[in-house]
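Student: coordinates only, sequence not included:
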């Protein structure tokens with residue numbers, strides 16, 4: 001059997017391969033959403049990149065969930081790797097370029113930490129500090145109660161070793177709040193902390209997370225719903241108590257489930273974070289965006305007196321998973337639907353300074369650009385937004401019947417007007433990475449003139465040590 005390392009080094013020339021599932025030799029043909037739309041468009045010279053396996057685990061599950069730029073057009077990506085389906089899954093970072101893994105980083109281009117990851121998809125993020133050090137956030141077990149969850153931030157030096165000046169031996173762990181048992185039968189631990197986004201600026205390191213709301217419910221007893229939570233760390237990995245209230249800002253949408261996702265800092269020190277909420281009584285899932293001052297309070301210039309954007313956009317569901325900053329505007333990526341039971345990719349555009357939504361974005365009704373990557377009314381879930389030059393936005397995710405057992409990985413590109421960018425073929429590229437697995441693209445980054453997208457070939461609904469998740473990626477040039 002060809003090793004994962006061999007797969008990676010040969011994949012750019014020979015095509016995709018994997019160690020667990022039988023892959024189709026090439027990705028699906030691009031999906032044309034509107035055949036008439038391309039009649040007058042100039043032909044595209046873009047060649048869809050070939051996906052490649054990234055070797056993290058010989059037998060157990062491994063995923064990549066986030067990426068960031070490295071020097072010289074290369075990339076770092078973070079996720080997890082486990083030796084077996086049951087057992088620990090350790091936070092893992094890789095460095096690679098167009099020709100394969102970078103052996104100057106870690107061991108053969110891979111760093112496997114001793115941090116035991118206890119989260120799910122979208123709970124590992126990576127970013128780079130101005131000095132070249134790497135930051136990785138992840139969901140981990142609570143030290144006192146292994147069933148509970150906390151947030152950890154890991155800092156690595158440029159060669160992949162843990163930074164001993166940060167936190168405790170390179171790892172800072174933060175307990176945002178304790179989970180509690182609810183009244184279900186049997187009781188379930190509710191309100192777990194979960195790391196969902198990571199960014200850094202000269203003021204500090206910011207983690208966007210979900211955590212159990214503070215206080216008690218009106219009828220008595222602890223809150224069981226979650227808050228959007230931003231915590232700031234100093235450069236030493238200590239919670240910065242000068243930020244917000246004791247280092248934490250909380251957006252409490254009363255008794256709603258807060259689903260925290262992306263977070264970014266701006267040059268003026270302000271912070272924008274987003275996600276979605278399931279507010280009771282509305283019968284919908286609503287997009288959420290909010291903006292903080294450098295001190296950690298709601299920015300009064302955003303919407304009305306700093307109020308978050310928390311609205312029903314599409315009739316049934318509108319989610320924000322992340323957003324790209326383009327000068328004075330931001331473009332979101334997520335999914336939702338107006339009718340029916342299957343989601344489409346959804347994008348909205350806002351003014352960065354004021355939070356005002358562009359109701360003419362993409363020429364779409366109500367300013368909500370949405371499209372179906374499958375072209376056949378299958379369920380489609382968009383997971384990330386990455387800013388490309390010239391106001392373009394790379395969107396990553398999946399498409400397929402429901403979430404299992406046969407999702408395919410997807411990336412798509414919107415141009416600066418909100419239309420699918422025909423410089424990237426028809427703008428949509430669908431990849432069946434495995435045989436009837438839950439294939440996903442999650443993270444992405446730009447480095448020089450190169451772009452990467454990372455994710456994983458999904459194992460089947462019931463995974464084994466022979467058939468399980470395997471990390472994958474693609475690299476291509478900006479068009």
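Tutor: Thanks, I have it. Keep in mind it's a predicted model, so treat the numbers as computed, not measured.

Student: Every contact and neighbour count from this point should use C-alpha atoms.
Tutor: Fine.

Student: Let me see the mean pLDDT of stretch 202-217.
Tutor: Mean pLDDT, stretch 202-217: 95.

Student: Would you mark the buried spots in that stretch?
Tutor: Residues 203, 204, 205, 206, 207, 208, 209, 210, 211, 212, 213, 214 are the ones in stretch 202-217 that count as buried (16 or more other CA atoms under 10 Å).

Student: so what's the second one bridging to?
Tutor: Going back to what we said before, that points to residue 204. Counting by DSSP bridges, residue 204 is bridged to residue 201.

Student: Correct me if wrong: it contacts residue 233.
Tutor: Yes. Using CA atoms under 8 Å, residue 204 is in contact with residue 233, at 5.7 Å.

Student: Quickly list what's touching both of those two.
Tutor: The contact sets of residue 204 and residue 233 do not overlap (CA atoms under 8 Å, 6 or more residues apart in numbering).

Student: end-to-end on stretch 460-479?
Tutor: Separation of the first and last residues of stretch 460-479 by CA to CA, to the nearest Å is 35 Å.

Student: Can you tell me what sits against stretch 285-296?
Tutor: 203, 242-245, 248-249, 269-279, 298-299, 302, 306-313, 316-320.

Student: again, 6 Å this time
Tutor: The contact list for stretch 285-296 (CA atoms under 6 Å, 6 or more residues apart in numbering) reads 243-244, 269-278, 298-299, 308-312, 317-320.

Student: all strands of the stretch 251-400 of the chain, in order?
Tutor: 257-265, 271-278, 286-292, 309-311, 317-318, 322-326, 329-337, 344-347, 349-351, 369-371, 379-387, 393-400 (DSSP state E, counting those that start in this stretch).

Student: okay, and for the stretch 251-400 of the chain, where does confidence drop off?
Tutor: 281 (pLDDT under 70).

Student: ah, wrong one, I meant the stretch 101-250 of the chain
Tutor: For the stretch 101-250 of the chain, no range has pLDDT under 70.

Student: can you map out the helices along the protein?
Tutor: 4-14 (DSSP state H).

Student: just to revisit the earlier point, who wins for proximity to residue 145 among the strands of the stretch 251-400 of the chain?
Tutor: Closest approach to residue 145 among the strands of the stretch 251-400 of the chain is made by strand 257-265 (22.9 Å; CA to CA).

Student: Name every strand pairing with that closest one and say which way it goes.
Tutor: Partners of strand 257-265 in its sheet, by DSSP bridges: strand 271-278 (antiparallel).

Student: What lies in contact with the strand it pairs with?
Tutor: The contact list for strand 271-278 (CA under 6 Å, 6+ apart) reads 256-265, 285-292, 319-321.

Student: So what's the residue count around the spatially closest residue to residue 241 that is not a sequence neighbour?
Tutor: Nearest non-adjacent residue to residue 241, counting by CA to CA, 6 or more residues apart in numbering: residue 247, 4.1 Å away. Counted with other CA atoms under 10 Å, residues neighbouring residue 247 total 18.

Student: give the contact list for residue 247.
Tutor: Per CA under 6 Å, 6+ apart, neighbours of residue 247: 231, 232, 239, 240, 241.
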